[in-house]
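**Q** got a structure for you, letters missing:
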DNA sequence: GTCTATACCCTGATAGAC
DNA sequence: GTCTATCAGGGTATAGAC
């Protein structure tokens, strides 16, 4: 971990790759608050203009229309906020500890941010009407995490991971669906499962392959 | 498997638990087509009335308002369509074969139905505005499947499953997130992973605990 | 119970003053 | 570039005839 400031005071993004003017960022910040809460169809341009503190026409002068604003927003949020999450994590140390660290990074740095839940919800919700945004999300967020863990498995054959890619899907898939069921669908009320308990079993399962290898 | 007819010609439901009149079912069928495709905010009552072939007022006489219609629809679809999926499946036979059967039941009977994808998408999308529907979904659909597999693990201690509940979360979580990423978010284009490959590894991982037990 | 017609509000998008 | 004012269209919900 570098000594980068932990404060995420500016809601979600601070270092934004897409070049945006100060006014555009002001609009996008307001648009984010509305779109993430109300969804695409549930968002009105009036509401966005009020939330951003600008007039409607100002929005239309910077972005073609509602669709254009939405696409620009999603690119902005997705690219800017997740480009650093699993960036240059030091992938070394005891495998069991390392896997827990990766998982806990996902939990604390991603899943615990309400904006992430809202973003995931929105991407899923609009995945039919805006498939290109779903694709952007998978490439920018999901694939990034997968490649990192998958490469780690490949570079450490002593772990005996039979299929790094598939194992990665199982690992992150369990984490994502856990967050989805527990946090988004309120499963914590009727079928709760503590994160630690999931992690204990998940790490054990993945590293069980190691033991079998050693017994050969 | 009983000799129940496989034909699901009536879109999603045929035997419906909630008592509905013929007219109400006509309305719900139309509402389903619109809501599942356009989402809640994207659905207009005009569109529903046109799709159902009734007047708008007829809808308002049977259901309080748009919200009431939506809730009634979701209960109808959720309860009616999933009450039989994992019903009295014969949970016996070779564990590796059995686990694959459960997974393939999920894939072919659930995930391959476009309506299921749309329903899951809609539940996720509206999980903030309609948390009670998300809860209904988890209780009716997710919990049902979980209890079945979890009980199987409990009743077969020779498998050496350390934590049946957590293992079940990992098992179904991997399946659900796979469907979500591959089918809904178009991950099959940029990060494809065949179902068989996922299943091979998933079953191996879960049953690896069995081998370790035998070695004791 | 069901349909036609309509009231009333808010939406996305535009035109013109500054 | 930015704002105020406005348009045309479609939204939810209701009223009254059959």
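**A** Cool, got the structure. On a predicted model such as this, the values are computed, not experimentally measured, just so you know.
**Q** Could you pull out the helices in chain A for me?
**A** All helices of chain A, identified by DSSP state H, fall at A:22-38, A:45-52, A:56-62, A:66-82, A:95-105, A:114-125, A:131-137, A:143-155, A:164-179, A:187-190, A:195-214.
**Q** In a markdown table: those helices, plus distance to DNA strand D.
**A** (Glycine included, C-beta is placed from N, CA and C.) Shown next, in a markdown table, are those (distance: least, C-beta to the nearest atom of the strand, whole Å):
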| stretch | distance to DNA strand D |
| --- | --- |
| helix A:22-38 | 4 |
| helix A:45-52 | 8 |
| helix A:56-62 | 3 |
| helix A:66-82 | 14 |
| helix A:95-105 | 38 |
| helix A:114-125 | 17 |
| helix A:131-137 | 23 |
| helix A:143-155 | 33 |
| helix A:164-179 | 31 |
| helix A:187-190 | 28 |
| helix A:195-214 | 39 |
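**Q** Pretty sure residue A:152 sits against residue A:91.
**A** Yes. Using C-beta atoms under 8 Å, residue A:152 makes contact with residue A:91 at a distance of 4.9 Å.
**Q** what residues do the two have in common as contacts?
**A** Both residue A:152 and residue A:91 are in contact with residue A:98, where contact means C-beta atoms under 8 Å, 6 or more residues apart in numbering or on different chains.
**Q** Break chain A down into its structural domains.
**A** With domains defined by automatic domain parsing, chain A comprises A:22-69, A:83-214.
**Q** thought residue A:74 was touching residue A:134?
**A** No. With contact taken as C-beta under 8 Å, residue A:74 and residue A:134 are classed as non-touching, separated by 9.7 Å.
**Q** if you count what's nearby, which of the two comes out ahead?
**A** residue A:74 (24 against 21; other C-beta atoms under 10 Å in any protein chain shown).
**Q** can you tell me how far that one sits from chain B?
**A** 13 Å (C-beta to the nearest C-beta, to the nearest Å).
**Q** Centre of the chain to stretch A:56-67, how far?
**A** 27 Å (C-alpha atoms, centre = their mean, to the nearest Å).
**Q** Say whether DNA strand C is contacted by it.
**A** Yes. Using C-beta under 7 Å from any atom of the strand, stretch A:56-67 comes into contact with DNA strand C via A:56, A:57, A:60, A:65, A:66, A:67.
**Q** do you know which of the helices of chain A lies nearest residue B:201?
**A** helix A:164-179 (4.0 Å; C-beta to C-beta).
**Q** Is the closest one in proximity to chain B?
**A** Yes. Against chain B, helix A:164-179 shows contacts by C-beta under 8 Å from any C-beta of the partner chain at A:165, A:166, A:167, A:169, A:170, A:172, A:173, A:174, A:176, A:177, A:178.
**Q** my guess is the third one contacts residue A:154, does it?
**A** When you say that, I think you mean residue A:167. No. Between residue A:167 and residue A:154 no contact is recorded; they are 10.6 Å apart, counting by C-beta under 8 Å.
**Q** Now do the same contact list for residue A:143.
**A** So residue A:143 contacts B:187, B:190, B:191 (C-beta under 8 Å, 6+ apart).
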